[in-house]
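Trainee: Provide a 3D model corresponding to the input given below.
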Amino acid sequence: MGDENSDLGKEYQDRTVIFRQGEAGDWMYVIQEGKVEVYLERDGNEIPFGYAGRAISWGDALFRGELRPYNARAMGKARLLTVDKKISCAASMKIPPWLFGWWRSSAGASRS
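Mentor: Residues are numbered from 1 along each chain as shown. This is a model prediction of the structure:
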(Lines give C-alpha, C1' and ligand atoms only; values in the text may rest on other atoms or scores of the structure.)
Protein backbone atom coordinates (compact mmCIF):
# COMPACT_ATOMS: atom_id res chain seq x y z
CA MET A 1 0.00 0.00 0.00
CA GLY A 2 2.83 2.39 0.79
CA ASP A 3 4.79 3.94 -1.99
CA GLU A 4 8.31 4.26 -0.61
CA ASN A 5 10.05 2.24 2.09
CA SER A 6 13.10 2.95 4.21
CA ASP A 7 14.61 1.67 7.40
CA LEU A 8 12.92 4.55 9.19
CA GLY A 9 9.34 4.00 8.14
CA LYS A 10 7.09 3.72 5.17
CA GLU A 11 5.94 6.65 3.06
CA TYR A 12 2.31 6.87 1.95
CA GLN A 13 1.05 9.21 -0.76
CA ASP A 14 -2.08 11.35 -0.41
CA ARG A 15 -5.25 9.31 0.30
CA THR A 16 -3.40 5.98 0.34
CA VAL A 17 -5.14 3.57 2.72
CA ILE A 18 -2.87 2.46 5.56
CA PHE A 19 -5.29 -0.11 6.99
CA ARG A 20 -8.99 -0.98 6.86
CA GLN A 21 -11.52 -1.67 9.55
CA GLY A 22 -11.97 -5.37 10.14
CA GLU A 23 -8.32 -6.20 9.44
CA ALA A 24 -6.23 -7.90 12.10
CA GLY A 25 -4.39 -5.41 14.29
CA ASP A 26 -0.95 -6.90 13.64
CA TRP A 27 0.96 -3.62 13.71
CA MET A 28 1.20 -0.50 15.81
CA TYR A 29 1.79 2.73 13.88
CA VAL A 30 3.71 5.87 14.81
CA ILE A 31 3.31 8.91 12.57
CA GLN A 32 6.75 10.31 11.84
CA GLU A 33 5.67 12.97 9.34
CA GLY A 34 2.41 14.16 7.87
CA LYS A 35 -1.21 13.63 8.80
CA VAL A 36 -3.53 10.62 8.85
CA GLU A 37 -7.33 10.60 8.61
CA VAL A 38 -9.25 8.03 10.62
CA TYR A 39 -12.75 7.19 9.39
CA LEU A 40 -15.48 4.60 9.61
CA GLU A 41 -17.42 2.98 6.77
CA ARG A 42 -21.12 2.42 7.39
CA ASP A 43 -23.63 1.41 4.72
CA GLY A 44 -21.26 2.51 1.96
CA ASN A 45 -20.68 5.95 3.50
CA GLU A 46 -17.49 7.32 5.00
CA ILE A 47 -17.83 8.88 8.44
CA PRO A 48 -14.84 11.04 9.46
CA PHE A 49 -13.61 10.06 12.91
CA GLY A 50 -10.61 12.35 13.33
CA TYR A 51 -7.10 13.25 12.28
CA ALA A 52 -3.73 12.40 13.74
CA GLY A 53 -0.39 14.10 13.21
CA ARG A 54 3.28 13.70 13.96
CA ALA A 55 4.27 11.59 16.98
CA ILE A 56 0.77 10.17 17.44
CA SER A 57 0.64 6.39 17.68
CA TRP A 58 -2.16 3.89 17.69
CA GLY A 59 -2.48 0.19 17.57
CA ASP A 60 -3.91 -1.01 20.84
CA ALA A 61 -5.58 -3.79 18.81
CA LEU A 62 -2.06 -5.23 18.65
CA PHE A 63 -2.05 -5.72 22.41
CA ARG A 64 -5.60 -7.01 22.66
CA GLY A 65 -5.69 -9.29 19.60
CA GLU A 66 -8.65 -7.45 18.11
CA LEU A 67 -9.69 -6.39 14.62
CA ARG A 68 -9.25 -2.76 13.64
CA PRO A 69 -12.44 -0.80 14.36
CA TYR A 70 -11.79 1.92 11.74
CA ASN A 71 -9.88 2.83 8.56
CA ALA A 72 -6.83 5.07 8.23
CA ARG A 73 -5.40 6.86 5.21
CA ALA A 74 -2.72 9.42 4.52
CA MET A 75 -3.79 13.03 4.08
CA GLY A 76 -1.04 14.40 1.91
CA LYS A 77 2.31 12.64 2.09
CA ALA A 78 2.86 10.80 5.38
CA ARG A 79 5.63 8.62 6.80
CA LEU A 80 4.73 5.99 9.39
CA LEU A 81 6.82 3.64 11.44
CA THR A 82 5.30 0.19 11.99
CA VAL A 83 5.95 -1.78 15.16
CA ASP A 84 4.94 -5.41 15.63
CA LYS A 85 4.18 -7.07 18.97
CA LYS A 86 7.59 -8.73 19.22
CA ILE A 87 9.43 -5.43 18.74
CA SER A 88 7.02 -3.68 21.08
CA CYS A 89 7.63 -6.23 23.83
CA ALA A 90 11.41 -6.13 23.31
CA ALA A 91 11.36 -2.35 23.48
CA SER A 92 9.40 -2.47 26.71
CA MET A 93 12.30 -4.35 28.32
CA LYS A 94 14.75 -1.60 27.38
CA ILE A 95 12.76 1.46 28.44
CA PRO A 96 11.60 2.52 31.89
CA PRO A 97 8.26 0.94 32.89
CA TRP A 98 6.58 4.33 33.35
CA LEU A 99 7.49 5.35 29.78
CA PHE A 100 6.25 2.08 28.29
CA GLY A 101 2.99 2.44 30.25
CA TRP A 102 2.52 5.93 28.83
CA TRP A 103 3.32 4.69 25.32
CA ARG A 104 0.72 1.88 25.54
CA SER A 105 -1.93 4.15 27.01
CA SER A 106 -1.30 6.84 24.39
CA ALA A 107 -1.82 4.23 21.66
CA GLY A 108 -5.32 3.65 22.97
CA ALA A 109 -5.99 7.31 23.70
CA SER A 110 -5.11 8.39 20.20
CA ARG A 111 -8.06 6.42 18.86
CA SER A 112 -10.50 8.95 20.26
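Trainee: contact partners of the longest strand seen in the chain?
Mentor: When the chain is parsed with DSSP state E, its longest strand is strand 28-42. In this structure, residues lying in contact with strand 28-42 by CB atoms under 8 Å, 6 or more residues apart in numbering are 8-9, 12, 18, 21, 46-60, 62, 69-84, 88, 107, 111. (C-beta placed from N, C-alpha, C; glycine too.)
Trainee: point out where this structure drops to low pLDDT.
Mentor: 1-7, 55, 59-63, 85-112 (pLDDT under 70).
Trainee: can you give me the helices for it?
Mentor: 60-64, 85-94, 97-109 (DSSP state H).
Trainee: picking up where we left off before, the longest strand of the chain: which residues count as buried?
Mentor: M28, Y29, V30, I31, G34, V36, E37, V38, Y39 (16 or more other CB atoms under 10 Å).
Trainee: also stretch 42-50?
Mentor: Using 16+ other CB under 10 Å as the burial criterion, the residues of stretch 42-50 that qualify are F49.
Trainee: give me the neighbour count for W27.
Mentor: The local packing of W27 (other CB atoms under 10 Å) involves 20 other residues.
Trainee: report how many residues lie close to R54.
Mentor: Neighbour number of R54 under other CB under 10 Å is 13.
Trainee: er, R20 actually
Mentor: Neighbourhood size, R20 [other CB under 10 Å]: 14.
Trainee: skip the chain neighbours and tell me the closest residue to it.
Mentor: N71 (5.1 Å; CB to CB, 6 or more residues apart in numbering).
Trainee: do the same with E46
Mentor: Y39 is the one closest to E46 (CB to CB, 6+ apart), at 5.1 Å.
Trainee: if we can go back for a sec, the residue nearest to R20 against E23, yeah?
Mentor: No - contact criterion CB atoms under 8 Å: N71 and E23 do not qualify, at 9.1 Å.
Trainee: ok, those two, which is more surrounded?
Mentor: Higher neighbour count among N71 and E23: N71, with 20 against 12, using other CB under 10 Å.
Trainee: please name the nearest non-neighbouring residue to T82.
Mentor: Closest to T82 by CB to CB, 6+ apart is W27, at 4.5 Å.
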